[in-house]
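>>> Sequence below, structure please.
(one chain, ligands or ions: 1)
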Amino acid sequence: MRRTHRRFRPALAVAVVAALAFAACTDGDERGDFRPGAPDLADPYVPGAGNGGYDVAGYRLTVRYDPATDRLAGRAALTATATTGLSRFNLDLAGLDVSRVAVDGRPAGSARDGDELVVTPRDGLSRGARFTVEVDYSGVPAARADGQLGSGGFLHTDDGAIALGQPWSAATWFPVNDHPSDKATYDIEVTVPQGLAALSNGVPGERSSADGWTTWRWAERAPMASYLTTLVIGDYRVHSGTHAGRPMVTAVPASLPATGPEAASLARTGEIADFLASRFGPYPFDSYGGVVVTDGRIGYALETQSRPVYGPGFFRGGRPNLGVVAHELAHQWFGNSVALSRWSDIWLNEGFASYAEWLWEEHDGGRTAQRNFELEYAATDWSRPSVDPGRSGLFGSAVYKRGALAVHALRRTVGDDAFFRILRTWTAERRGGNATTDDLIALAERVAGKPLRPFFDAWLAGGTAPALP
Ligand SMILES: [Zn+2]
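Residues are numbered from 1 along each chain as shown. Predicted structure coming up:
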């Protein structure tokens, strides 16, 4: 994620309090070895988000959205495995009405509790059991203020909608285990009025039209964190091609010129991805792309998997903005393929994505990474840590700039050869999974063959400027 501006909005304290209150509830309906799954994952950065007791392998989403009424009707089919004996379990779902829930094809009980959908299967689910859940739902999906990015969630726009947002947004348009620690594959089928585009993640499938509606199909086969899902519906100029033998789908609003800075920036996607692959290792996904939106509420760009979404603010200068493209594409390796286990480690995403901007700038004939490092080193507030920056610091400069400083300092400390081997080993060994800061430190020590914990402690969390390497 990269912001275009730094205007903050007050946090939605009410929602947080409600979520905490629910999380604190205890249950008395244990049946044999079956217990209720935890209603959240106790990640203090996102109270109420995610759920315990199961692991989702795949989502099959079938949704219909009509911009004229702002109504969405959907069916979500999940395949999951119980990680403990479950008498019931939760899904995250914000707003929307649920009309039917089935587990393993049989009707199941369901209840709403704030942004939770509590599902009670007819029989308990044994630990290790693979099961399916089907949820039919509909309603007017809502935006979600997260206190930092401005608008996210499901935004109704002039010509359609945008579903987008970090650290959470997915639960505004489908029932989900809404935490990056539970990655899954996605098949997404979206039906919209004919003439509108419906863009999402992954490889495009067959498109079909009937009775004035068009169904767009997308498949993301690499495990994806829920906040990296997106849906962009509206009047778009969609460009479908291939790059390196994989589908490349880019889109800009039809209201923008075909040769404007937005289209010109997206047109460099393949080239920039190839450059990053030469540093980070093979591109991790089966498709490429990007979508530019014009809605001013999107004051950021987000690295939605295989197809980042760019807000309008990055292109106001009238010239292409390749730095933001490099940033969002770098996340495909750092943040998407190798995802967070908990939000306190967000520097693992943003430090590397910010560093990728420096690498690209140097490659593109601008300032060197070393020069950017020197300038940022002099300007950094060392009292703020990169690791565990606090909820209000989730998108702060300690995460981005100080994170990038740590990455470059690592390069200076271990040398180019070991540094790029660390990066490539990280993206290869952790591909498709989750990781923590400790995992990175352990890997760096293994590849470099020397202790690096004091180095990382100083650069990521020390209260004073570390000695220059
Ligand atoms: Zn970012």
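>>> tell me the centre residue of this structure?
L228 (2.8 Å; CA atoms, centre = their mean).
>>> secondary structure class for the closest residue to that one other than its chain neighbours?
Leaving aside its sequence neighbours, L228 sits nearest to Q305 (CB to CB, 6 or more residues apart in numbering; 4.2 Å). (Each C-beta comes from the backbone N, C-alpha and C, glycine too.) Using DSSP: H, G, I helix; E, B strand; the rest coil, the structure places Q305 in coil.
>>> Phi and psi next, for Q305.
phi -60, psi 130 (degrees, to the nearest 10).
>>> what's near enough to touch it?
The contact partners of Q305, by CB atoms under 8 Å, 6 or more residues apart in numbering, come to 201-202, 220, 222, 224-225, 228-229, 285, 332, 336.
>>> give me that answer again for 7 Å
201, 220, 224, 228, 285, 336 (CB atoms under 7 Å, 6 or more residues apart in numbering).
>>> Same check on N177?
Counting by CB under 7 Å, 6+ apart, N177 has contacts 50-51, 56, 91-92, 226.
>>> what about 10 Å?
With contacts defined as CB atoms under 10 Å, 6 or more residues apart in numbering, N177 is in contact with 37, 41, 49-56, 59, 78, 80, 89-92, 170-171, 183-184, 226.
>>> ok, now V238?
Applying CB under 10 Å, 6+ apart, we find V238 in contact with 197-199, 204, 216, 249-252, 254, 289, 291.
>>> And the residues you listed, which two are furthest apart?
Across the contacts of V238, the longest distance by CB to CB is 18.4 Å; it joins P204 and A254.
>>> Report the separation between the residue nearest to L228 and the ion.
Going from Q305 to the ion by CB to the ion, to the nearest Å gives 13 Å.
>>> just A435 next, same as before
Taking CB to the ion, one finds A435 at 16 Å from the ion.
>>> next one: E357
The value you get for E357 to the ion, if CB to the ion is used, is 10 Å.
>>> How about R3?
Between R3 and the ion the computed distance is 9 Å (CB to the ion).
>>> And for P67?
Distance, P67 to the ion, by CB to the ion: 29 Å.
>>> tell me the contacts of the residue nearest to the centre of the chain?
Residues in contact with L228 (CB under 10 Å, 6+ apart) are 164, 166, 169-170, 180, 183, 186, 201, 220, 302-308, 331-332, 335-336, 339.
>>> Show me the residues you listed that map onto helices.
With helices taken from DSSP state H, the overlap with the contacts of L228 comprises 331-332.
>>> neighbours around R217, how many?
Other residues lying near R217 total 19 when counted by other CB atoms under 10 Å.
>>> ok, now how distant is A222 from the ion?
Taken as CB to the ion, the span from A222 to the ion is 19 Å.
>>> is it fair to say that residue lies in a strand?
Yes - applying three-state DSSP, one finds A222 inside a strand.
>>> which bits of this protein sit near the ion?
Residues of the chain that fall close to the ion, judged by CB under 5 Å from the ion: 1-2, 350, 353.
>>> related to what we said a few turns ago, ok, P204 and A254, which is more surrounded?
P204 (19 against 13).
>>> can you pull up the bridge partners for that one?
W218 (DSSP bridges).
>>> is it true that it touches R217?
Yes - at 7.0 Å, P204 counts as touching R217 under the criterion of CB atoms under 10 Å.
>>> Could you find the closest non-adjacent residue to T229?
Closest to T229 by CB to CB, 6+ apart is A170, at 5.2 Å.
>>> How much space separates the one you found from A225?
From A170 over to A225 the distance is 9 Å, taken as CB to CB, to the nearest Å.
>>> List the residues that are in contact with both of these two.
Contacts common to A170 and A225, judged by CB under 10 Å, 6+ apart, are 178-179.
>>> Neighbour count for these two, which is higher?
Counted by other CB under 10 Å, A170 and A225 do not tie: A170 has more neighbours, with 30 against 22.
>>> quick one: contacts for the more buried one?
Neighbour list for A170: 49, 59, 61, 92-94, 153-154, 163-164, 176-179, 186, 225-231 [criterion: CB under 10 Å, 6+ apart].
>>> Isn't L199 up against Y236?
Yes - using CB under 10 Å, L199 makes contact with Y236 at a distance of 6.8 Å.
>>> what about those two, which has more around it?
For L199 versus Y236, neighbours defined as other CB under 10 Å are more numerous around L199 (27 against 23).
>>> Name the nearest residue to that one, ignoring sequence neighbours.
Residue nearest to L199 in three dimensions, not counting chain neighbours: V232, with 4.4 Å by CB to CB, 6+ apart.
>>> For that neighbour, grab phi and psi.
phi -130, psi 120.
>>> And A13, what's its pLDDT?
Per-residue pLDDT puts A13 at 39.
>>> now swap in L149 and tell me
Note on L149: pLDDT of 62.
>>> can you count the residues close to V98?
Using other CB under 10 Å, V98 has 18 other residues around it.
>>> List the pairing partners of whichever strand or helix holds it within its sheet, with orientation.
Per DSSP states H and E: V98 is located in strand 97-103. The strands that strand 97-103 pairs with in its sheet are strand 106-107 (antiparallel), strand 130-139 (antiparallel) (by DSSP bridges).
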